[in-house]
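> next one to model:
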Amino acid sequence: MRDGIGHGTRSLHPRHGPHDPTTATPPQRRGALRRTTTIDLLRPAGLDGDVIVDGRGRDLLLAGDGRARVVGESGVRARLDFMGGCALLEIETDPPVDAIQELLGAAVASGFRAKVGAAVPEEAAGRTLLHLLLDDMPGAVLVSGYALHTGGGAHDMRADRAAQEAFLAGRANLCAGFATDATMLSELAETGIMPMPQGPAAPALESPEHPPAWHDHGELPPGGIRRRRRMDVLGEGERLRVDAMFRDTHRDPAGVETIIHEYVMTAEIDRADLRVLSIDATPRVLPWVECPRAAGSAQSLVGQTVHELRTWVRARLQGTATCTHLNDLLRSLADLDRLESELGDGAGSGLS
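Residues are numbered from 1 along each chain as shown. You can find the predicted model right below:
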């Protein structure tokens, strides 16, 4: 099978997942609030060097008169020792938060989110942009490991049987893609070589016709990984309409940006108690043919209120019927109690 979308011709694994990327960002509707974030993971010192994290976010309200107003902005800049257990070596935030330094030395991996909640509880309770960026860092850092192995289409682990067994033990049945009978782990068990996904070229989501559609961020340099999110929230009477997406991409040494994961999600929320009335998650780009099985897990949220979704999703949605990256998108619905309060009456002025 061949994929020649914008970056030449290359062979694809016959069991690759869906390749149907989003090609544009929809116009922001009047009265809607749009939250966007990006987290870039860069390796300026080479693949074995420290990872630089550049996270940015913005909340933008589009008033009823068509004028846009920034109601929140935040950023985080960090350095971590990826090869040394993902230990956090440096971190700064914008606006500055002194207590953030309590996270130094922590592994940006399992357990990091609890440490964030303990270090900056007011950010977690307030569902701020900074909290979303910090909460999203472990997932983004996990995906950043893709940069170490992409290019050859496979990762040969035959030289170190112990490392292979440790890898299997830590990931077996973690999610749909890591099911023991799914493509990645079954091929690894049989051959000692784990196939690496090869996604489609990433269509631009920025709109020259509507520059405010996304917050300002630089071009992703070669070798970089980017995780981006968008959530549009619109009040319609007694309900909230939510339209959201996320995308993980990698830019190769030739400068071609390809997609690793992409989901879109829509939801309808009761505005009185923020209970999920309906939800739909659609996989647009995923690594393997087994991965889309996880999309149905989103239906488990129907009837739940958004307030505790960050912990509820992590506790309840586990195993091969789920996707860790989709779960992060579902967990972001917890921010609706903050975003709904920012909707106000849609009045205001600012960017036109």
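> any weak-confidence spans in the stretch 201-350 of the chain?
344-350 (pLDDT under 70).
> where do the strands sit along it?
225-236, 239-251, 257-270, 275-285 (DSSP state E, counting those that start in this stretch).
> quick one: these as a markdown table, columns for distance to residue 92 and mean neighbour count too.
Any C-beta I mention is one placed from the backbone N, CA and C, and that applies to glycine too. As requested, these are exported to a markdown table (distance: least, Cβ to Cβ, whole Å; neighbours: other Cβ atoms under 10 Å):
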| stretch | distance to residue 92 | mean neighbour count |
| --- | --- | --- |
| strand 225-236 | 19 | 22 |
| strand 239-251 | 24 | 21 |
| strand 257-270 | 27 | 21 |
| strand 275-285 | 32 | 18 |
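> dump these to a markdown table, plus distance to residue 120.
Shown next, in a markdown table, are the strands of the stretch 201-350 of the chain (distance: least, Cβ to Cβ, whole Å):
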| stretch | distance to residue 120 |
| --- | --- |
| strand 225-236 | 20 |
| strand 239-251 | 23 |
| strand 257-270 | 26 |
| strand 275-285 | 27 |
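> ok, which of those comes nearest residue 187?
Distance to residue 187, taken as Cβ to Cβ, is lowest for strand 257-270 among the strands of the stretch 201-350 of the chain, at 18.1 Å.
> got the angle between that closest one and strand 239-251?
Taking axes from the mean of the first three to the mean of the last three Cα atoms, to 10 degrees, one finds strand 257-270 and strand 239-251 inclined to each other by 170 degrees.
> name the helices or strands packed onto strand 257-270?
Here strand 257-270 touches strand 239-251, strand 275-285, helix 324-331, going by 3 or more Cβ pairs under 8 Å, 6 or more residues apart in numbering; DSSP states H and E.
> turn the ones you listed into JSON lines, including distance to residue 228.
JSON lines is the format used below for these (distance: least, Cβ to Cβ, whole Å):
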{"stretch": "strand 239-251", "distance to residue 228": "5"}
{"stretch": "strand 275-285", "distance to residue 228": "13"}
{"stretch": "helix 324-331", "distance to residue 228": "12"}
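> what's the closest of these to residue 104?
helix 324-331 (23.8 Å).
> what about that closest one, distance to the chain center?
8 Å (Cα atoms, centre = their mean, to the nearest Å).
> do the same with stretch 133-153
10 Å.
> before we move on, what about stretch 291-311?
That offset, for stretch 291-311, works out to 16 Å (Cα atoms, centre = their mean).
> now the end-to-end length of it.
Stretch 291-311 stretches 23 Å from its first residue to its last (Cα to Cα, to the nearest Å).
> what comes into contact with that stretch?
17-18, 113, 135, 175-177, 263, 265, 267, 269, 273-283, 286, 312-313, 316-317, 320-323, 326-327, 330-331, 333-334, 336-337 (Cβ atoms under 8 Å, 6 or more residues apart in numbering).
> for stretch 164-174, same thing?
Against stretch 164-174 from outside (Cβ under 8 Å, 6+ apart): 157-158, 178-180, 185, 188-189, 192, 194, 319-320, 324.
> likewise for stretch 263-275?
Residues contacting stretch 263-275 (Cβ under 8 Å, 6+ apart): 22, 235, 237-246, 276-284, 295, 298, 301, 303-307, 325-326, 329-330, 333, 336-337, 340.
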